[in-house]
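Undergrad: Show me the folded form of this:
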Amino acid sequence: MELKRIKGESLNATAQEQIKLFIAESGLRSGDPIPTEKTLEEKLGISRTSIREALRSLEALGIIETRHGVGRFLRDFNYDAILSNLSYNVAVNVQNFREIIEVRMALETSFLEQVTPTITDQALAELSEIVDRMEEEVEHGEADEDLIQTHSNFHLKLYESADNQLLLHLIRIFATIQRTLTMFKQYRTSDPNEFVELHRRLVEALADRNPVLARQRLLEHFKDVVAWSREHRRQHNEQD
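TA: The predicted structure follows:
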């Protein structure tokens, strides 16, 4: 691919796109070196400073990595940058949390229909053990942050058989966001005991291999966070 010379504004964003196009069209694989700053400067026709800024941005996105004393290389696709940045962005723009919850519910209800008919007795036993752990945390007055982590483990186990790594990574991202909101004292589980019971009911529906009932139980267990997010959005709109 012949890189295009860049003129005008938004040099950083444009340089990023040109470099990404180069990576996509040149057949580079993870671990391969990318062009040097000097080569990119000559090809793109912009300053070394702008090139360096674009490369730093791509590194922050997890697309490339720098090996000191060696150079820059293409990375394996990963979710590290998403996980590290999303929690901050949502903490700042917490009114968007409702949309994130809606996406999570849509994803999980779809995958739940897939895993319910074939869920194994071993998986059901492990899910029950996680619910028991949640109950113990509530009884001992553990922090909401700990309950969120255990809750995340429940959902990771639930969709383990779906064999979809993206879904599992997204669940981790959702948990990171919710944990951040909790740390900022913006979200709390209103009734932890009911929250545990709703998970037990979900496990029971799974044990019956009943996708319709399992879907209903899943939506019920999201009701608390949905109500919170709607109330927060209402308050935000009134302030505007």
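Undergrad: Counting neighbours, what do you get for Arg200?
TA: 16 (other CB atoms under 10 Å). Bear in mind the C-beta positions are built from the backbone N, C-alpha and C, glycine included.
Undergrad: so it sits right up against Ile130, yeah?
TA: No - taking CB atoms under 8 Å as the definition, Arg200 is not a contact partner of Ile130, at 10.7 Å.
Undergrad: can I get the CA coordinates of stretch 213-223 in PDB?
TA: Provided in PDB are the C-alpha atoms of stretch 213-223 (Å, rounded to 0.1, in the frame of the first residue of the first chain):
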ATOM      1  CA  LEU A 213     -38.400 -18.900  32.300                       C
ATOM      2  CA  ALA A 214     -34.600 -18.400  32.500                       C
ATOM      3  CA  ARG A 215     -34.900 -15.300  30.300                       C
ATOM      4  CA  GLN A 216     -37.600 -13.900  32.700                       C
ATOM      5  CA  ARG A 217     -35.500 -14.600  35.700                       C
ATOM      6  CA  LEU A 218     -32.400 -12.900  34.100                       C
ATOM      7  CA  LEU A 219     -34.400  -9.800  33.400                       C
ATOM      8  CA  GLU A 220     -35.800  -9.700  36.900                       C
ATOM      9  CA  HIS A 221     -32.300  -9.800  38.300                       C
ATOM     10  CA  PHE A 222     -31.400  -6.700  36.300                       C
ATOM     11  CA  LYS A 223     -34.400  -4.700  37.600                       C
END
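Undergrad: list the buried ones in that stretch?
TA: Leu213, Ala214, Arg215, Arg217, Leu218, His221, Phe222 (16 or more other CB atoms under 10 Å).
Undergrad: How about stretch 28-41?
TA: Quick answer for stretch 28-41 (16+ other CB under 10 Å): Ile34, Pro35, Glu37, Leu40, Glu41.
Undergrad: My guess is the last one contacts Thr49. True?
TA: It stands for Glu41. No - the pair Glu41 / Thr49 is not scored as a contact, 9.6 Å apart, by CB under 8 Å.
Undergrad: centroid residue for the protein?
TA: Geometric centre of the chain, nearest residue: Ile173, 2.7 Å, by CA atoms, centre = their mean.
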